[in-house]
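> Generate coordinates for the sequence data below:
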Amino acid sequence: MKNVTDSFVSLGHWPSAGGFGFNTDILATNPINLSVVLGVLIFFGKGVCASCLLSDLLDNRKQRILNTIRNSEELRDSAIERLEKARARLRKVEREAEDYMVNGYLEIEREKLNLQNSIGQNLERLENYKNETIQFEQQRAINQVRQRVFQQALQGALGTLNSCLNNELHLRTISANIGMFGAMNEIRD
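Next up, the predicted model:
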């Protein structure tokens, strides 16, 4: 306490000290600074209590903190909601991609089977056409051979007949054939 009184006493000695100066004694100047600050607060803050100012400042700070927390929670909730929507959309897209992939594989297999069946049918048709062509050509060749054999046999028979027949034998053969022909006509009637 003596230091406080000494500092006030020392104020009275400044003019005699020869001018304005700084007091470097921290313990002596702190009470002076505090008394000046309190005096200014009391003078300018008439009717306003220091605890009310402090309480208002703390309430404002508390409200700002609460608003920041509330905004952060709203942003977090919004982000969680957007994340859930994005995850749901991702699951949907993955399911659709899997469906497309499965359907694509099924379509490929179906087309493969259709192509194999079509190729098998075409090969069968070609085989049948080949066999029919072979049979036709064989039949044609057989007919040509028959026709040639028949022509050669006919020419040989005619040659034999012409060499063996004379006019009389020839006339008798014709008469016998006419007689057989006439008998056949009578049987028919």
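> Where does pLDDT dip in this structure?
Of all residues in the chain, those with pLDDT under 70 make up the ranges 1-29, 45-53, 165, 189.
> where do the helices sit along it?
Listed in chain order, the helices of the chain (DSSP state H) span residues 2-12, 14-17, 26-44, 50-164, 167-188.
> want to throw these into a markdown table with mean neighbour count?
In this view, the C-beta of every residue, glycine as well, is placed from N, C-alpha and C. Rendered in a markdown table, the data for the helices of the chain read as follows (neighbours: other CB atoms under 10 Å):
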| stretch | mean neighbour count |
| --- | --- |
| helix 2-12 | 11 |
| helix 14-17 | 9 |
| helix 26-44 | 11 |
| helix 50-164 | 10 |
| helix 167-188 | 10 |
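> got the contact list for the most centrally placed residue in the chain?
With the centre of the chain defined as its mean C-alpha position, the nearest residue by CA atoms, centre = their mean is A97, 4.2 Å away. For A97, the set of contacting residues under the criterion of CB atoms under 8 Å, 6 or more residues apart in numbering is empty.
> ok, the residue of the chain positioned farthest from its centre to I174 distance?
Of all residues in the chain, E168 has its C-alpha farthest from the mean position, at 103.6 Å, by CA atoms, centre = their mean. When CB to CB, to the nearest Å is applied, the distance between E168 and I174 equals 11 Å.
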